[in-house]
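> Return a 3D structure for these sequence lines:
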Amino acid sequence: MNREDEVLAVAAVLIIKKLREPKKRRPNKSWIEKKATYSHINLIRELVNQPDDFRSYLRMDETTYRNLLHLVTPIIQKTDTVMKSSITPHERLTATLRFLATGRTYEDLKFSTCISKSALSKIIPETCDAIYTVLKQEYLKFPKTTAEWKNIALDFQEKWNFPHCLGAVDGKHVQIRTPPGKVVVPGQPHLNYVFVGDEAFAMRPDFLKPYNQRELNNEKRIFNYRLSRARRIIENTFGILANRFRIFHTSINLKLDNIDKVVLACCALHNFLRRNSANSYTPNDVFDFEDISTGTTTPGLWTQPENLLNPASSHSRHHSAEAKDVRTSFKNYFNSS
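Sure thing, here's the model as predicted:
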C-alpha cells in the first residue's frame, strides 16, 4: 500500500468512527418546560389569599385583574397546536403587568414566568397593545366637542380656581388643537382658553407658563401661585404613574413602536385603576395637600422616590406679544378678584 492509499484508509476509518458516535443533543432548558412547578403563576395563586400582596405584585386587586383579563382575552388568546399548548391569556397578562410594574428585562423576567425571552419580546408588546385597545374608548377619551372642552375648563375653575384652563401639560409637549379664540360665557371672565405648563415649555397665546423668578413682583407672584395650583395635578399624575409602573424608572430598551405601546398601555391602566381601584391605587395621601388657610403645601407620597419626568428646559425665551398679552390678562384677572 502506497502513501496515498494509507492516507485514504485512515480518513475512511475516522469518518466511519465519527458516523458511529452518538450525536450530542443540545441541552434544552428543562426548567422552562416545567411551568407547572416553577412559574410565578403558582405564586399568584397563593397571593389570592393575601390581598395586599396580590395588589403589590400586579398593581391591582384580584377583582380588577379578573375584569381586565376578561377584556383582553379575546385579543391575546392563541390556539393550541398538535405539538404544543399555547401560552394562556392569564400567563400573558401577568407577565406584561410584571414587566410594567418592575421594569425588569425580558432576560430577567423569563425566570419567574417560565416564558422564553424571544416569546416575551412578542407577548408583552402585543398585550400592551391589547390593553390600550380595550381601555382607550372609556379611559383615554379625548374631548371632541366644545361642550366637552368647556366641562374640563369648569372642573379646573371649581377645583383649582383657574378659569378657562383646558388642561395641564408636563413631560412631553403634544400638538393639540384648542377651541378657537375667546369664548364668552355669561358670568365668566373674557379670557382665552389655555393650557398651562412649567418653564420647560414655550409660551403661546393658548399655552401659559410662570413668570421668571427674577422678575417677580406681587402681582406676578399671585399669577404664578394660581398657575402652580392648576398645574400641580399633572405633576401628581406623572409621579404616581412612574412610581406605580417602574418601567418609567428604567431605560426602555424596546423598538420605538413597542415603546409607544408600553406608554399608552400604562396611561390607560392608570385611568382604569383610578376608577376601579382608587382606594388602593391612589389613596388620599398619595396626592399633594394644600392648606388654604396657611398657604402651605404638603407633598404627597408620589414624590417618593424622585419624580422621573423632568423635561429639559426650553431654549426659547422669546415669546410673542400676543402670548404675553394673554398671560397679562390672566394676571390682571387674578389680582382683581
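
> Can you classify the residue nearest to residue 262 when sequence neighbours are not counted by secondary structure?
Nearest residue to residue 262 in three dimensions, chain neighbours excluded: residue 128, at 5.3 Å (Cβ to Cβ, 6 or more residues apart in numbering). (Glycine included, C-beta is placed from N, CA and C.) Of the three states, residue 128 takes helix under DSSP: H, G, I helix; E, B strand; the rest coil.

> Over to residue 162?
coil.

> okay, now it: neighbour count?
22 (other Cβ atoms under 10 Å).

> which ones are touching it?
Residues counted as contacts of residue 162 (Cβ atoms under 8 Å, 6 or more residues apart in numbering) are 156, 196, 226-227, 229-230.

> Which members of the residues you listed are positioned in strands?
The members of those that map onto strands under DSSP state E are residue 196.

> Okay, and which of the contacts of residue 162 map to helices?
Counting by DSSP state H, the contacts of residue 162 place 156, 226-227, 229-230 in helices.

> Counting neighbours, which of the residues you listed comes out on top?
Among these, the one with the most neighbours (other Cβ under 10 Å) is residue 227, at 26 neighbours.

> Quickly note the distance from that one to residue 156.
To residue 156, residue 227 is 11 Å away according to Cβ to Cβ, to the nearest Å.

> try residue 163
8 Å.

> in which helix or strand would I find the residue nearest to the spatial centre of the chain?
The chain has residue 266 as the residue nearest its centroid, 3.3 Å off, counting by Cα atoms, centre = their mean. Residue 266 is part of helix 256-276, with elements assigned from DSSP states H and E.

> any residues touching that helix, and which ones?
Outside helix 256-276, the residues within contact range by Cβ under 8 Å, 6+ apart are 59-60, 64, 67-68, 96, 100, 124-125, 127-129, 131-132, 135-136, 139-140, 237, 240-241, 244-245, 247-248, 252, 254, 281-282.

> Strands of the stretch 51-200 of the chain, start to end?
Here the stretch 51-200 of the chain has its strands, by DSSP state E, counting those that start in this stretch, at 165-168, 194-196.

> ok, residues contacting the first one?
Contacts made with strand 165-168 from outside it, assessed by Cβ under 8 Å, 6+ apart, are listed as 149, 152-153, 156-157, 178-179, 193-197, 230-234.

> do that again at 10 Å, thanks
Contact partners of strand 165-168, identified using Cβ atoms under 10 Å, 6 or more residues apart in numbering, comprise 143, 149-150, 152-157, 160, 162, 176, 178-179, 191-198, 206-208, 226-227, 230-237, 330.

> could you dump it to PDB, C-alpha only?
Extracted in PDB, the C-alpha atoms of strand 165-168 (Å, rounded to 0.1, in the frame of the first residue of the first chain):
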ATOM      1  CA  CYS A 165     -58.000  76.200  31.600                       C
ATOM      2  CA  LEU A 166     -58.300  73.200  29.300                       C
ATOM      3  CA  GLY A 167     -55.500  71.100  30.700                       C
ATOM      4  CA  ALA A 168     -52.100  70.900  32.400                       C
END
